[in-house]
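>>> Turn this into a model:
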Amino acid sequence: MSATTGLDVTAGLIRSAALIHDVHAAVSGEHGLTPQQAQLMCVVGDQPSSMVQLGALLRIGKSSMTGLIDRAQRAGLVQRVPAPDDGRSFLIEPTPLGRRTNEGFRRAVGQRLDEVLATLTTQERDTLAAVLSKIVLNNQAPETWPEQ
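The predicted model follows:
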């Protein structure tokens, strides 16, 4: 335990991950998404992606990825489009509804996390951003949230 913060680094990271997970799950529900669909929409982005690419980013297997895509497609969030270089393959891209839903979800998560971080000074926020960037980039964390 640190004398200045009250938590050691491990406890701080684990508890902040749980807090962020809770925010993500709550905002997902508010936007009519499951947490898994929200994660999918964040990694789909604006460019068509293969199911292999998406599965690798989400760290889920082919059958789980297929089920997730099927459910998101039934909800009108994504569509399968023919791969330009392989007539047998499909790419996944967001629909207009998926784009709007994703934009609203991302904005709401950002606002909610701003509320969580409201007690930090500008310098503390800048330091936190720098430290998190270093951790994420040095460990090649998957790009599961778009950069701003």
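>>> Now the element after the helix or strand where Phe105 lies, going C-ward?
Per DSSP states H and E: Phe105 is located in helix 96-116. Using DSSP H and E, the helix or strand that follows helix 96-116 towards the C-terminus is helix 122-138.
>>> So which bits of that next one are buried?
Within helix 122-138, no residue is scored as buried using 16 or more other CB atoms under 10 Å. Glycine gets a C-beta too; all of them are placed from N, C-alpha and C.
>>> what inclination does the top strand by length along the chain have with respect to helix 96-116?
The residue-count maximum for a strand in the chain (DSSP state E) belongs to strand 86-94. Put simply, strand 86-94 runs at 40 degrees to helix 96-116, going by axes from the mean of the first three to the mean of the last three CA atoms, to 10 degrees.
>>> so what secondary structure elements neighbour the lowest-mean-pLDDT helix or strand in the chain?
Within the chain, no helix or strand scores below strand 86-94, which has a mean of 87 by mean pLDDT, DSSP states H and E. The contact analysis (3 or more CB pairs under 8 Å, 6 or more residues apart in numbering; DSSP states H and E) places strand 86-94 against helix 35-44, helix 51-58, strand 78-83.
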